[in-house]
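Peer 1: kindly generate the corresponding structure for this input.
(2 chains)
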Amino acid sequence: MDMNEKPKVEEKVEEQKTKEVPEVEAPKLPDTKEGKLVAEVLEKAPYAEGNVRRERRVEFKVPADRIKEFLELASEKFEMLIQISVVDWLKEGEFELVYQLWSVSESVHAFVRTRIPRENAKMPTAMDIWPVAETYEREAHEFFGIIFEGNPRLGPFILEPREYEKHPLRKDFNTLGYVKTIYGEDFDRYDESKTNYVI
Amino acid sequence: MANLEVPKELKEEAKAHDMYLHPIDKDTYELFFGPQHMATENFSIILKMDGSRIEKAIVNPGFLHRGFEKLAEQRPYFTNIALLLRICVPESDVPENIYSMAVDEIVGWEVPERAQWIRTVVLEMARMSAWMFWIMGFGNEIGLYTAGQWAAAYRERFMRLFEELTGGRVYHIYTVPGGVRRDIPSDKWLRQLRDTVEYLKGKMKDFDEILFDNYITFERTEGVGVMDKRFALKHAVTGPNLRAVGVPYDVRKDDPYLFYPELEFEVPVLREGDSLARVLVRRYEMEQDLYILEQLLDMGPPSGPYMVKDARLKALPRFKPPKGDAYAHVESTKGDFGAYVVSDGTHKPYRVHVRGPSQSHGVTVLEELLRGARLADVPVILKTLDNCPPDIDR
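Peer 2: So this is what the prediction gives:
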């Protein structure tokens, strides 16, 4: 059993808490373990914004050019990268990347959000911090076309090679149109006269 | 000797698809394991072999991809239940639950106690029937077919209970945002569930004798596919696979949901990190699940409604949650299963991203563990990691 690990981390937190004398410019963080955790991370990373969403859920907003730095810092507290979700905000012309981290020692889930422009979307890879990022980045690259610099395995992964350059999870990808071009007349279920089609 | 020369056209066609049909050099050769191999379940691994040892393994998923995440963006919130539950077939209640929990959180619904109790029972029943499914697969992989056949028969009991509760045997479409779709049919159903739990408790001893305490299992799994704690954490391995390397992380304890804070159960942990440890952790968890079900039945369903009262539920296709996002996760038999749902205020979700546990332990981890293993160990490693291809492909 590794139950002895929990008190260790807590002790560390306590130690660092006693060391820090000046308070952060008070973003109204609650006096809970989540609030303390956010304050601690924000003190080392003043460029980020952070808040507590609810019990065991915290949130950080980080500018895209400092994401690598921030993730390296966060990996001390958050041992696991749970997944990298990409949200395509078409109207704003931006991709939102949500790095979801889980802290095994503190039992806190963190959303690390960053936004990058849709055109020529590029991000540094997080593989050297969490090797599992390789898989998530391959997926994000295939479905959204984001290039993760430093990941050697970007390429066809789940989809067929003919779909590789299409990036089907982007909001401007027309599923019906694509299916029609691929299957042509075989796709007889599609009726153009019908509006509000739910495939 | 027969002429084993591959026709030239075939070679060229294979090369165009980045495959090589001929031996790479005198000793090593390439072997395609799956998707037709029954151990891999629509999953493929390309192995570079040296004799019967694996030099390198490349995971090649995508034989299942059905584009659920894209489809979910094109359907109303409640219709998505019937779609997303197909992600994980052996325990289809898990995707239902994580999606419903995330939508509940976005809307801000406090699910009634009775619905929470029913959801907990359903999740535990799903876990139990998924364990039976896993025993079936694992028993078959190492040649102990009897255990697999027993497990399939016991799973049938849960299927029948599910059919009576939800109307479906495998796909239940039962847990919906705000509660559950219908109430428990009768007290008779609860009695039948208790009988099943009692029956399975007695049968665990038989499983021990035939499978878990068996010489063959020990020979085949001990020291095979070993990983250490640091490696597992860096690769975000969760569930029984993580608990087999000595980290007591269980979503039910660490991020409690539904009725779990009120239940008493243990999180079994072993330290060896090999296939045997993973098998034994699963065996201990089965016992704990039966214990949880027993406690829930002793507690009895709380009285009250099984669905939240909300005027918006009257026009389901046009149901609109407010803007926001949420991540919910539950402990499945494969590991930490989660869903990230983003709402932009319309009647369809803006984005649904499902985190399958196999996504982390079924790609890079599998490739690492297979390196240096024997060919005969491939199904054992696959099954003890409990790799579920739909988690990866979706």
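Peer 1: centroid-nearest residue for chain B?
Peer 2: B:Lys334 (4.0 Å; C-alpha atoms, centre = their mean).
Peer 1: and stretch A:159-178, what's buried?
Peer 2: A:Leu159, A:Glu163, A:Tyr164, A:His167, A:Pro168, A:Leu169, A:Arg170, A:Phe173 (16 or more other C-beta atoms under 10 Å in any protein chain shown). Glycine gets a C-beta too; all of them are placed from N, C-alpha and C.
Peer 1: is it positioned near chain B?
Peer 2: Yes: Stretch A:159-178 reaches chain B (C-beta under 8 Å from any C-beta of the partner chain) through A:Leu159, A:Glu160, A:Pro161, A:Pro168, A:Leu169, A:Phe173, A:Thr175.
Peer 1: circling back to that earlier point, residues in contact with the closest residue to the residue nearest to the centre of chain B other than its chain neighbours?
Peer 2: Spatial nearest neighbour of B:Lys334, excluding adjacent residues (C-beta to C-beta, 6 or more residues apart in numbering or on different chains): B:Pro357 at 4.4 Å. When contacts are counted by C-beta atoms under 8 Å, 6 or more residues apart in numbering or on different chains, B:Pro357 touches B:Thr238, B:Gly239, B:Ser332, B:Lys334, B:Gly335, B:Asp336, B:Phe337, B:Cys388, B:Asp391.
Peer 1: among the buried residues of stretch A:159-178, name the ones in helices.
Peer 2: Among the buried residues of stretch A:159-178, no member falls in helices (criterion: DSSP state H).
Peer 1: which strand or helix spans A:Glu139?
Peer 2: Using DSSP states H and E, A:Glu139 maps to helix A:133-144.
Peer 1: and for A:Glu72?
Peer 2: Per DSSP H and E: A:Glu72 is located in helix A:67-74.
Peer 1: do A:Tyr99 as well
Peer 2: If you go by DSSP H and E, A:Tyr99 is part of strand A:94-103.
Peer 1: following the chain onward from that strand, which element is next?
Peer 2: By DSSP H and E, the next helix or strand past strand A:94-103 is strand A:108-117.
Peer 1: now check that following strand, is it near chain B?
Peer 2: Yes: with C-beta under 8 Å from any C-beta as the criterion, chain B is reached by strand A:108-117 at A:His109, A:Phe111.
Peer 1: next SSE after that strand?
Peer 2: On the C-terminal side of strand A:108-117, the closest following helix or strand by DSSP H and E is strand A:122-124.
Peer 1: tell me if I'm right that B:Lys334 and B:Ser358 touch.
Peer 2: Yes: using C-beta atoms under 8 Å, B:Lys334 makes contact with B:Ser358 at a distance of 6.0 Å.
Peer 1: and the angle for the helix or strand that contains B:Val341 with strand A:94-103?
Peer 2: Secondary structure from DSSP H and E places B:Val341 in strand B:336-343. Going by axes from the mean of the first three to the mean of the last three C-alpha atoms, to 10 degrees, strand B:336-343 is angled at 150 degrees with respect to strand A:94-103.
Peer 1: which intervals of chain A have sub-threshold pLDDT?
Peer 2: Where chain A drops to pLDDT under 70, the residues are A:1-27, A:185-199.
Peer 1: quick one: name the residues of it near chain B.
Peer 2: Counting by C-beta under 8 Å from any C-beta, the positions of chain A adjacent to chain B are A:1-3, A:56-57, A:79-83, A:85-88, A:98, A:100, A:102, A:104, A:107, A:109, A:111, A:130-132, A:134-136, A:139, A:143, A:157-161, A:168-169, A:173, A:175, A:198-199.
Peer 1: try 7 Å
Peer 2: By the rule C-beta under 7 Å from any C-beta of the partner chain, the part of chain A lying against chain B is A:1-3, A:56, A:79-83, A:85, A:87, A:98, A:100, A:104, A:107, A:109, A:130-132, A:134-135, A:158-159, A:168-169, A:175, A:198-199.
Peer 1: for chain A, which segments count as strands?
Peer 2: Taking DSSP state E, the strands of chain A run over residues A:49-54, A:57-61, A:80-89, A:94-103, A:108-117, A:122-124, A:147-149.
Peer 1: same thing with the stretch 201-350 of chain B?
Peer 2: Remark: strands assigned in the stretch 201-350 of chain B by DSSP state E, counting those that start in this stretch are B:324-331, B:336-343.
Peer 1: most tightly packed of those strands?
Peer 2: Most buried of the strands of the stretch 201-350 of chain B, by mean neighbour count (mean count of other C-beta atoms under 10 Å in any protein chain shown): strand B:336-343, with a mean of 26.
Peer 1: for that one, what is the average pLDDT?
Peer 2: Across strand B:336-343, pLDDT averages out at 92.
Peer 1: beyond it, next helix or strand please.
Peer 2: The first helix or strand that comes after strand B:336-343 along the chain, using DSSP H and E, is strand B:351-355.
Peer 1: no more questions from me, cheers.
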